[in-house]
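**Student:** structural data only, the sequence is not supplied:
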């Protein structure tokens, strides 16, 4: 792959390696994530697997998960 970038078609990252760590009784609509070879993480919407991928650095993902665990994202559930 030449270049991995934000907004690239998720299909260009391949079909293997996508996981649904946040799935659950929501009718199949969830976020999928893929760990990339350089430590970054690709995220896509499961209902649009051909759509764009959001590419996050390892630090961004770590900070996001830490924030969710500590309740910093609870405002999204209101």
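**Tutor:** Thanks, I have the structure now. Quantities reported herein were computed from a predicted structural model and do not represent experimental measurements. Residues are numbered from 1 along each chain as shown.

**Student:** give me the distance between stretch 37-52 and the centre of its chain.
**Tutor:** Its chain's average C-alpha position is 5 Å from that of stretch 37-52, according to Cα atoms, centre = their mean, to the nearest Å.

**Student:** do me a favour and get the end-to-end distance for that stretch?
**Tutor:** End-to-end distance of stretch 37-52 (Cα to Cα, to the nearest Å): 19 Å.

**Student:** now swap in stretch 50-60 and tell me
**Tutor:** Start-to-end span of stretch 50-60 (Cα to Cα) is 23 Å.

**Student:** what does it rub up against?
**Tutor:** With Cβ atoms under 8 Å, 6 or more residues apart in numbering as the test, stretch 50-60 has contacts from 4-11, 13, 36, 39-45, 64. For glycine as for every other residue, the C-beta is placed from the backbone atoms N, C-alpha and C.

**Student:** so which of the residues you listed are in strands?
**Tutor:** Judged by DSSP state E, the contacts of stretch 50-60 include 41, 42, 43, 44, 45 as members of strands.
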